[in-house]
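Asker: Structure for the following, please:
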Amino acid sequence: MANVRPPTPTATDGPKLEKGVLTLRNCLALSAAVMAPVLAVILNAPAAGANAGSALPVAFLLAFVAALFVGNTVIEFAKKLPSAGSFYTFCSKSLGSLAGFFTGWLYAAAFVALTIGLFTANGAFLRSYLQSTFDVSVPWWLLGIIIVALAMTLSVRSIRTSVRLDLILLALEMFIFSLLALIAIIRAGSGNSLTYFNPTSGPTGFSGVGLAVVFGLLSFVGFEAAAVLGEETGDAKRNVPLAVRGALIGVGIFFVFVLYGLAAGFHLNTAKGLENFLASPAQFSSLAEQYAPWLKQPVELAAVAGLFSCLLAVLNTTVRVMYAMARERVLPPALSKVHPKFRSPFVSIYALVAFSIVGGVLLAAWLGSGLTDVYGFTGAVGTVAIILVYALANVGLIVFYWGKPDFHVWRHLIAPVIGTAVLIYPLFEMAKPGQPFPYNHVSQIVIAWALIGFAVYAYLKKKSPDKLAALGATMATDEIDFAEARVPSLSTDGLPHDHQDHSSQ
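Answerer: Coordinates of the predicted model:
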């Protein structure tokens, strides 16, 4: 079987994604933008601080370490399987068609949910900013449509321009928040303390830190986004793993540094400081007012830019997973059409934007239009689904490398086992019974979607088994050959022998 070409996928004829157009820097920008570091510290840090108190920085430090174990799985897979399918391809090639289909089904739905939430959040946040700053009232849904239309245009016309814009916005956002944190640290005086790195220093000890770690892990969701650019990136087997690792480390350091600045600035090592922190409606704006009033407007603008940057990155990530599944006829084939001029999966982009607008408006009518309503609910649904995908991929990594000459006990066994273990607690916290409305529906929605996925898989297995046989095959022929053609030295470190195709040599 070593020299037999995998079943040829029934991808549509016509233009394909433009290969080799992206660089390491572009990939890094996408992964970091999906994590939305500024948005994470604005929304997740206050929620985590309510549980961790003065141990807030160490909670995110522990989450950072845990995320590195999960990141190892993406990095090790991306060295071998660069593809727009990402986890869909990883699990197809390691665990078989059922796991591959199920992973892609969950992963695509998770990012669709995140896109819906970001559509409503962008509109609601910009409306709030315009009203508080300029006393101008514009309907949130109109602002949301304008913003998502801009993101759609950028996504269709150029993935390179999109990720470059993400990089520019990220650099500005992270610089502004890092500057604010540095000023707060310098001026905090007795607010500076090593107490913030003691896991038992919070009001409820380590249990509070454990709950805060959940919010920390949620802040890292999306670190793997660069993997979907595998087909459009030059030297993908080198650049994609480097981008995932670089984004994780860079954003992790940012989280710990900025949250230490937040803790020091509020004097979370005192009871009064924690009281003020919990009473503040916008902690970073309050921090700017106290230590650097001239930074208050830039901080608020950085939050607006961060939301748009995240929307653009999530849109580009989601459509590439949809494209990868559609070109193998698992999703409607029309979604795999590529624009003849811009070389983007434009039908998937239009479909996702339209669905996000309709879904966002309907959910807003049910839940409300604020950041904590639709955004929080869809974020919870997406996060639970993504955690399940991470766990499946960890298992797949062990199977994929087991018995291969390059099997490494630490990278291919111990790390994925630890990576799976650290996901159990946040998964339980997100899906456990007794959640308040609407979060009591999160696990129900994920389970219902999974059951529909199994039904679709059973139908395809009965009616179109050739489609399931082709899962992941596109990557294993065209994209690997392309990567090795550009970088001959990669051929000795490519796919495991039984996955390589030598029939064309």
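Asker: residues near residue 133, how many?
Answerer: Neighbourhood size, residue 133 [other C-beta atoms under 10 Å]: 11. In this view, the C-beta of every residue, glycine as well, is placed from N, C-alpha and C.
Asker: Check which helix or strand it maps to.
Answerer: Following DSSP states H and E, one finds residue 133 within helix 97-134.
Asker: ranges for the helices of the stretch 351-500 of the chain?
Answerer: 376-401, 409, 415-431, 442-463, 465-469, 473-474, 480-486 (DSSP state H, counting those that start in this stretch).
Asker: Dump the ones you listed to TSV, plus mean pLDDT.
Answerer: Below are the helices of the stretch 351-500 of the chain laid out as TSV (pLDDT from 0 to 100):
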stretch	mean pLDDT
helix 376-401	92
helix 409	95
helix 415-431	87
helix 442-463	91
helix 465-469	73
helix 473-474	51
helix 480-486	35
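Asker: OK, contacts around residue 298?
Answerer: Residues near residue 298 by C-beta atoms under 8 Å, 6 or more residues apart in numbering: residue 176.
Asker: Check for me that it belongs to a helix.
Answerer: Yes: per DSSP: H, G, I helix; E, B strand; the rest coil, residue 298 lies within a helix segment.
Asker: could you measure it against residue 304, distance?
Answerer: As judged by C-beta to C-beta, to the nearest Å, residue 298 and residue 304 stand 11 Å apart.
Asker: How about residue 52?
Answerer: Residue 52 is 27 Å from residue 304, by C-beta to C-beta.
Asker: Compare these two (neighbour count), which wins?
Answerer: Neighbour count, other C-beta under 10 Å: between residue 52 and residue 304, residue 52 has more, with 32 against 19.
Asker: element containing that one?
Answerer: In the assignment (DSSP H and E), residue 52 maps to helix 37-52.
Asker: Quick one: work out the angle between the helix or strand following the helix holding residue 133 and helix 97-134.
Answerer: Using DSSP H and E, the next helix or strand after helix 97-134 towards the C-terminus is helix 140-157. For helix 140-157 against helix 97-134, the angle by axes from the mean of the first three to the mean of the last three C-alpha atoms, to 10 degrees is 130 degrees.
Asker: Shouldn't residue 335 be within a strand?
Answerer: No: applying three-state DSSP, one finds residue 335 to be helix, outside a strand.
Asker: what's the burial count for the nearest residue to residue 36 once chain neighbours are set aside?
Answerer: Nearest residue to residue 36, sequence neighbours excluded (C-beta to C-beta, 6 or more residues apart in numbering): residue 310, at 3.7 Å. The number of residues packed near residue 310 is 29, by other C-beta under 10 Å.
Asker: so who does residue 310 touch?
Answerer: The neighbourhood of residue 310, defined by C-beta under 8 Å, 6+ apart, consists of 33, 34, 36, 39, 118.
Asker: would you list these in a markdown table and tack on neighbour count and pLDDT?
Answerer: Output for these, formatted as a markdown table (neighbours: other C-beta atoms under 10 Å; pLDDT from 0 to 100):
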| residue | neighbour count | pLDDT |
| --- | --- | --- |
| 33 | 32 | 92 |
| 34 | 27 | 91 |
| 36 | 27 | 89 |
| 39 | 24 | 85 |
| 118 | 31 | 92 |
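Asker: would you turn these into JSON lines with distance to residue 397?
Answerer: Formatted as JSON lines, the contacts of residue 310 follow (distance: C-beta to C-beta, whole Å):
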{"residue": "33", "distance to residue 397": "25"}
{"residue": "34", "distance to residue 397": "21"}
{"residue": "36", "distance to residue 397": "26"}
{"residue": "39", "distance to residue 397": "29"}
{"residue": "118", "distance to residue 397": "29"}
